[in-house]
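> Sequence and computational prediction follow.
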Amino acid sequence: MKLKLWLRNLSVSGPHVAVRTRLPWTVRTALSLIVLGLAAAGLVLVYHYARSSSFPGADQLVSELQQTRDQLSQMTAERGRLAAEAVQAENQLKVERATQLQIAAQMRLLEEDNARLKGDLAFFESLLPAQGAQRGVVIRSFKLQPDTDDGRMRYRLLVQQSGRPDRDFVGSVDLRVTLQKDGSSSMIQLPDPAIADAGPTPLAFRHYQRVEGTFALPSGATVRSIQVTITSGGETRAQQTFAM
């Protein structure tokens, strides 16, 4: 058997033998490190290429983001400034409104004072001697105006003894108020026992006396005229009709 195997190995049909050269381990290690380095470099290049391909202009995006942040900061500061100005303007408007209200109140007071002064002026002018050397009791002035919104009217009357009176005048005042309502006339007589607070009060004065009072005006009625009569001792001393 050994002889047959030996003869087979010597023949042409014998198995081929491959001769390989074995490299030292240091060379194999160096080659492995080179291959790994090249692979790592390739991976780095692929990563940077992929990053630059996926995010083009990354530096520009960062710059635009910073600009957006700066603009947002500026807009926030501007909004705060405008809000402060709005609050200041609102406060100024409140001050101006309060000032306007104060001015309106002062104007009303001035108008009231002006009306009072005019009334006082008319009153003192009425104390001057009557024209034509008129003697006795005279009706110096009469006014009628609304007193409240519920239809009440207020009247004011000034009665004077002209000249140099040496005694007090004692008497009374009668008012005859003519009304117009729905085309018909009616009349109110004052004083009226049924309207105790309407007046007028009795007269008792040396130089002058002011008389005033209020009466209710029927709904829908208007005053056409008022006749004022002053009597003393059952005699009429003065009489005058005032058209309204």
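Sure thing, it's come through. Residues are numbered from 1 along each chain as shown.

> pLDDT weak spots in the chain?
1-25, 27-28, 30, 41, 43-58, 120-135, 149 (pLDDT under 70).

> Please, where are all the helices along it?
Chain-ordered helices for the chain, with DSSP state H as the definition, fall at 2-10, 25-54, 58-126.

> Count the residues that sit near residue 159.
25 (other Cβ atoms under 10 Å). All C-beta atoms are positioned from the backbone trio N, CA, C, and that covers glycine.

> which ones are touching it?
137-140, 173, 203, 205, 208-209, 211, 230, 238 (Cβ atoms under 8 Å, 6 or more residues apart in numbering).

> would you turn those into a markdown table with distance to residue 152 and neighbour count?
Shown next, in a markdown table, are the contacts of residue 159 (distance: Cβ to Cβ, whole Å; neighbours: other Cβ atoms under 10 Å):
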| residue | distance to residue 152 | neighbour count |
| --- | --- | --- |
| 137 | 28 | 21 |
| 138 | 28 | 18 |
| 139 | 23 | 19 |
| 140 | 24 | 18 |
| 173 | 19 | 22 |
| 203 | 23 | 20 |
| 205 | 26 | 17 |
| 208 | 26 | 17 |
| 209 | 23 | 20 |
| 211 | 17 | 20 |
| 230 | 24 | 23 |
| 238 | 26 | 17 |
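
> Would you mind checking which of the residues you listed is nearest to residue 84?
Comparing these against residue 84 with Cβ to Cβ picks out residue 211 as the nearest, at 63.7 Å.

> Would you agree that closest one is in contact with residue 204?
No. Using Cβ atoms under 8 Å, residue 211 is not in contact with residue 204, being 11.0 Å away.

> if we take the contacts of residue 159, which one ends up nearest to residue 94?
residue 211 (48.0 Å).

> and the gap between the closest one and residue 229?
The gap separating residue 211 from residue 229 is 12 Å, by Cβ to Cβ, to the nearest Å.

> got any residues that touch both of these two?
residue 173.

> In terms of residue numbering, what are the domains of the protein?
72-126, 133-243 (automatic domain parsing).

> Put together TSV for the contacts of residue 159, with distance to residue 105 on each row.
As requested, those are arranged in TSV below (distance: Cβ to Cβ, whole Å):
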residue	distance to residue 105
137	42
138	39
139	37
140	33
173	37
203	39
205	37
208	34
209	34
211	32
230	41
238	42
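
> Looking at those residues, which one is closest to residue 65?
Residue 65 has its nearest neighbour among the contacts of residue 159 in residue 211, at 90.9 Å by Cβ to Cβ.

> Bridging across strands, which residues link to that closest one?
Bridge pairing for residue 211 (DSSP bridges) gives the partners residue 157.

> got the contact list for it?
Contacts of residue 211 by Cβ under 8 Å, 6+ apart are 156-159, 173, 199-201, 203.
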